[in-house]
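A.B. asks: Need a 3D model of the sequence below.
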Amino acid sequence: MSATSSTPERLLAVGSGVNLSRHAQVLSEVHDAVLSGQKPPMPPREVVARSWSRLQAEGVSPARCEDVVFADCSELESRRTRTALRSVLPELRSTLTEVADDAKFIVVIADTDGVVLWRDGSRAVRKAADALGFMEGARWSEDLVGTNSVGTALVEGAPVQLFSAEHYARSHSGWSCTGSPVHDPRTGEVLGVVDISGSAMSVHPATMALVRTAVRLAESTLWREHTVQLDKLRAQAAPVLAAAGGPALVVDRHGWVVEAGGIAVPERLAPPCAEKPLLVPGLGWCVPEPLGAGWLVRRREDRADIDLELDLGASPRATVRGDVNWTRALSPRHAQILRVLADAGPGGTDAAAMSEALFGDRDHVIAVRAEISRLRKSLGPILIAQPYRFADNVQVRMFG
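C.D. replies: A predicted model of the protein is given here:
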């Protein structure tokens, strides 16, 4: 729960006016008591308790979390090349690192696996971070280094601030860290994490606001890049739609509608795939055809029923039988989502209800949307949104 009505509990590591030394000592006592199975002097914050519980359930010890694993140089360079965050690095540096030296913190940018891609900031703090292995190439996921603002923010799908012994590894207790996921504005998917870390005794109430500002600027930059690409595709689309001879539309590879002719459509559809038909509201089943960096989508005259078999057992998978036949392996989370949708029936469900079904609360809407976005990429027209549900012509059989 939050300490105030406007501050999520996972963010409030230290309130203003707190005696930092005393608070760090209390958190150290809480850490020792909880991890030894004793009653703590006060319960850890919920985000911390969830993380510690995950790690204990997986048999991860605090001592093991001090053994940092690194990506080799070639893997690190490959990750830097692939990530969309590379284009917003100048924006992040201009926002954060110019004040990092004076404010005595470092700025870390990690990818979706928690691998540290770039690090900058105070020389003294970088040196201290080197002693922890918190440097470029380090794998800083929660399951490897314990509760931390990079890996735990990825698991929670939300900003996380940690102070002192709220970290799982004892060697991290001298730190205060604030991390926030960066989302791809085109898909809702998490691209990585922006983190500010420094001495626990130098924690500042404005740190979270600074991180949030940097994330918003990064996401705005990504959206501007997206609109430039849409404009380029729009120039290609105009003559093609004029010659289409019927209702049609052009979408980019993420499903964003660039231009439509003869039909009113939502601003975004499920991302098209050449091997599967696409269900377009108001147009019906369509055939996507490659067009530059996007797709031309036109109606097909027939509408085939789809039989969907959901094996949600030990090795979950979805099998489609009908006009197109294929099988997709499912992650445990995607299997959970499909089970909830099957139980919801034709009326479907919304993101908040799905969050409650998956996480036990309604606070993970962004994580839900990102997971369903990934699932729709895999299953195509099987799933539709607003609300989330199976398409009308999909007959679902679930077992396992």
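
A.B. asks: Quick check: which ranges of the stretch 201-350 of the chain have low pLDDT?
C.D. replies: 275, 281-282, 301-304, 322-325 (pLDDT under 70).

A.B. asks: 80 instead?
C.D. replies: Applying pLDDT under 80 to the stretch 201-350 of the chain flags the ranges 203-205, 244-245, 263-265, 273-285, 287, 299-306, 320-326.

A.B. asks: What ranges does it have for its helices?
C.D. replies: Assigned by DSSP state H, counting those that start in this stretch, the helices in the stretch 201-350 of the chain fall at 207-242, 332-344.

A.B. asks: Using a markdown table, please lay out the ones you listed together with distance to Leu269 and mean neighbour count.
C.D. replies: C-beta here means a position set from N, CA and C on the backbone, and glycine is covered the same way. As requested, those are exported to a markdown table (distance: least, Cβ to Cβ, whole Å; neighbours: other Cβ atoms under 10 Å):
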| stretch | distance to Leu269 | mean neighbour count |
| --- | --- | --- |
| helix 207-242 | 14 | 16 |
| helix 332-344 | 19 | 18 |
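
A.B. asks: For the ones you listed, give me CSV that also has distance to Leu379.
C.D. replies: Compiled in CSV, the helices of the stretch 201-350 of the chain are given as follows (distance: least, Cβ to Cβ, whole Å):
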stretch, distance to Leu379
helix 207-242, 24
helix 332-344, 9
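
A.B. asks: Identify whichever of those helices lies nearest to Asp72.
C.D. replies: Asp72 lies closest, by Cβ to Cβ, to one member of these: helix 207-242, at 27.0 Å.

A.B. asks: Show me what that closest one is packed up against.
C.D. replies: helix 89-92, strand 175-183, strand 190-199, strand 248-252, strand 257-261, strand 284-291, strand 294-299 (3 or more Cβ pairs under 8 Å, 6 or more residues apart in numbering; DSSP states H and E).

A.B. asks: send the alpha carbons of the next helix or strand after the shortest one over as CSV?
C.D. replies: Yep, that's helix 89-92 we're talking about. Downstream of helix 89-92, the next assigned helix or strand under DSSP states H and E is helix 98-103. Only the C-alpha atoms of helix 98-103 are listed here, as CSV (Å, rounded to 0.1, in the frame of the first residue of the first chain):
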residue,chain,number,x,y,z
GLU,A,98,25.1,16.2,-16.8
VAL,A,99,24.0,16.4,-13.2
ALA,A,100,25.3,13.0,-12.1
ASP,A,101,28.7,14.1,-11.1
ASP,A,102,27.6,16.9,-8.8
ALA,A,103,24.7,14.8,-7.4
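
A.B. asks: starting at the chain centroid, how far to helix 98-103?
C.D. replies: Taking Cα atoms, centre = their mean, to the nearest Å, one finds helix 98-103 lying 28 Å from the centre of the chain it belongs to.

A.B. asks: Please list the outside residues in contact with that helix.
C.D. replies: Among residues not part of helix 98-103, those counted as contacts by Cβ atoms under 8 Å, 6 or more residues apart in numbering are 106-107, 120-123, 125, 196, 198, 202, 204, 210.

A.B. asks: quick revisit: just tell me which of the helices of the stretch 201-350 of the chain ends up closest to Asp113.
C.D. replies: helix 332-344 (16.0 Å).

A.B. asks: list the helices and strands that closest one packs on?
C.D. replies: Counting contacts by 3+ Cβ pairs under 8 Å, 6+ apart, helix 332-344 packs against strand 306-311, helix 351-359, helix 365-379, strand 389-390, strand 394-399.

A.B. asks: Quick check: end-to-end length of stretch 90-106?
C.D. replies: 16 Å (Cα to Cα, to the nearest Å).

A.B. asks: circling back: turn the helices and strands packed on helix 332-344 into JSON lines, including mean neighbour count and distance to Ala49.
C.D. replies: As requested, the helices and strands packed on helix 332-344 are exported to JSON lines (neighbours: other Cβ atoms under 10 Å; distance: least, Cβ to Cβ, whole Å):
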{"stretch": "strand 306-311", "mean neighbour count": "18", "distance to Ala49": "33"}
{"stretch": "helix 351-359", "mean neighbour count": "18", "distance to Ala49": "14"}
{"stretch": "helix 365-379", "mean neighbour count": "20", "distance to Ala49": "18"}
{"stretch": "strand 389-390", "mean neighbour count": "20", "distance to Ala49": "34"}
{"stretch": "strand 394-399", "mean neighbour count": "14", "distance to Ala49": "33"}
